[in-house]
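Participant: Curious how this folds, go ahead:
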Amino acid sequence: MSVQTLRKPTTTDWRAILAEIGPQLAEEGARCDKSGAYVGANIALLRENGFFGLAVPVEFGGSGLTRTELAAMLRQLGRTCSSTGLAFSMHTHPAAAQVWRWRNQKAPVEPLLKRIAGDRIQLLTSGGSDWLSGSGTATKVEGGYRISGQKIFASGAPTADLFMTTAVEQTAEGPTVLQFGLPVKSEGVTILDTWDTLGMRGTASQTVKIDNVFIADAAVSVRRPAGKWHPAMHVISMVAFPLVYAAYTGVAEAARDIAVAAAKKRSDPSTVEAVGELENEWAATRIAHDSMVAFGETAAPGPETTNTIFTHRALVARSAIKTVELAMGVAGGASYFRSMGLERLFRDIQGARFHPLTDAPQRRLAGRMALGLPIDD
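Facilitator: Just a heads-up that it's a prediction; the model follows:
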């Protein structure tokens, strides 16, 4: 009788590791913000400590964290270093989406998941710049397509390995978005140094230029009508945004903690009431995000779920931004000095405004759903 050796689970105690390396991440993050450099050393440290495979199922060599657990990890990362938390969320959410597809759709993504855990490859996404309409051009050639385009807001581009992106093919049925993975080191792929911004300066959310790059037919995972809500986009919405906004929730938490510590040193009687207002807004941020994560963990993708996710996204963004603004008021004039740390958090939290769905499209979606109108019009 033969004895089959079971794969030993590969688990990463992320809480213990972050407790150990957190000060190093924070120090490097502050240095990168000051100089406008990429937090590449922090991403390398996360890679070294097994964080890239946290979302991957244990049977494929990962840690098998739920999306609720991933959100808790990203919130702590965002609290430690805003740019590291946001940049790492842009690897974590496409990895988690592949896990969802494997579990629920039997998608053939096992090789990719094994590479994420075993080879510790970093995913890169252009979802924020492409969204429903996609961008770039796909020209049909024998065996595949020639792809060209420029993709903005590609967070973590300098160290990434596989670019999860799109291009648009002009077909008889109309513009069709192709979704595919493209190795970042492919000939014809160039990272442009365009990221010179108000906040989240260490994310290196650069522009990626794709110039006549070949992709095979087999590399295309989804074909969908441009500008329309496709089932694949409902999956992305459900999985991605609770994770992305975990980082921003962490930023708000860091600001709240700095402000409360500063308030304890102040004698002005009005400070107590100001802290109370801050606490209320921080609670609103936390409750909205916790609700978003819990809902997304168990929901089924579809228009109703997408609407609920983006309603939560609007609430988290609004309350997180307000929390940081109130934190500066609580801390007083000292918050204007970079040395306190609130000035950076105030700049970083502004990024919460700019991810899909931004305010006007979100309100249109919510309004059309409430009125029973088609969401694609």
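Participant: How confident is the prediction for the closest residue to Ala37 other than its chain neighbours, by pLDDT?
Facilitator: Distances taken as CB to CB, 6 or more residues apart in numbering put Gly202 closest to Ala37, at 6.7 Å, once the chain neighbours are dropped. Backbone N, C-alpha and C define where each C-beta goes, glycine included. Here the pLDDT value assigned to Gly202 is 98.
Participant: what's around Gly202, how many residues?
Facilitator: Using other CB atoms under 10 Å, Gly202 is surrounded by 30 other residues.
Participant: My read is that it contacts Cys81, right?
Facilitator: Yes. Between Gly202 and Cys81 there is a contact at 7.4 Å, judged by CB atoms under 8 Å.
Participant: got a pLDDT number for Ala96?
Facilitator: So, for Ala96, pLDDT stands at 98.
Participant: Name the nearest residue to it, ignoring sequence neighbours.
Facilitator: Going by CB to CB, 6+ apart, Ala96 has Ala55 as its nearest residue, at 4.5 Å.
Participant: residue contacts, the one you found?
Facilitator: By CB atoms under 8 Å, 6 or more residues apart in numbering, the residues touching Ala55 are 62-63, 65, 67, 70, 92, 95-96, 99, 116.
Participant: What is the nearest of the residues you listed to Tyr38?
Facilitator: Nearest to Tyr38 among these, counting by CB to CB, is Thr92 at 17.6 Å.
Participant: residue contacts, the closest one?
Facilitator: Thr92 touches 54-55, 70, 73-74, 243, counting by CB under 8 Å, 6+ apart.
Participant: which ones among those are found in helices?
Facilitator: Mapping these onto helices (DSSP state H) picks out 70, 73-74, 243.
Participant: any chance of the residues you listed in JSON lines, plus neighbour count?
Facilitator: Output for the ones in helices among the contacts of Thr92, formatted as JSON lines (neighbours: other CB atoms under 10 Å):
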{"residue": "Leu70", "neighbour count": "26"}
{"residue": "Met73", "neighbour count": "27"}
{"residue": "Leu74", "neighbour count": "27"}
{"residue": "Leu243", "neighbour count": "27"}
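Participant: Include distance to Gly367 when you put those into JSON lines, please.
Facilitator: Output for the ones in helices among the contacts of Thr92, formatted as JSON lines (distance: CB to CB, whole Å):
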{"residue": "Leu70", "distance to Gly367": "31"}
{"residue": "Met73", "distance to Gly367": "35"}
{"residue": "Leu74", "distance to Gly367": "30"}
{"residue": "Leu243", "distance to Gly367": "26"}
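Participant: ok, which pair from those is furthest apart?
Facilitator: Going by CB to CB, the pair spanning the ones in helices among the contacts of Thr92 furthest: Met73 and Leu243, at 9.3 Å.
Participant: Tyr336: which of the contacts of Thr92 is nearest?
Facilitator: The closest of those, once distances to Tyr336 are taken by CB to CB, is Leu74, at 28.8 Å.
Participant: so the closest residue to the closest one other than its chain neighbours is in which element?
Facilitator: Leaving aside its chain neighbours, Leu74 sits nearest to Ala246 (3.9 Å; criterion: CB to CB, 6+ apart). Using DSSP states H and E, Ala246 falls within helix 231-263.
Participant: same check, this time on Ile215
Facilitator: Counting by DSSP H and E, Ile215 is part of strand 206-216.
Participant: strands paired with the next helix-or-strand element following that strand, and their directions?
Facilitator: Next in sequence after strand 206-216, counting helices and strands by DSSP H and E, comes strand 220-225. Strand 220-225 pairs in its sheet with strand 174-183 (antiparallel), by DSSP bridges.
Participant: For the strand it pairs with, what is the distance to the chain centroid?
Facilitator: With CA atoms, centre = their mean, to the nearest Å as the basis, strand 174-183 stands 20 Å off its chain's centre.
Participant: For stretch 333-348, buried residues please.
Facilitator: 335, 340-342, 344-348 (16 or more other CB atoms under 10 Å).
Participant: Now do it, average pLDDT.
Facilitator: pLDDT averaged over stretch 333-348 gives 97.
Participant: how far does it stretch from start to finish?
Facilitator: Using CA to CA, to the nearest Å, the end-to-end distance of stretch 333-348 comes out at 19 Å.
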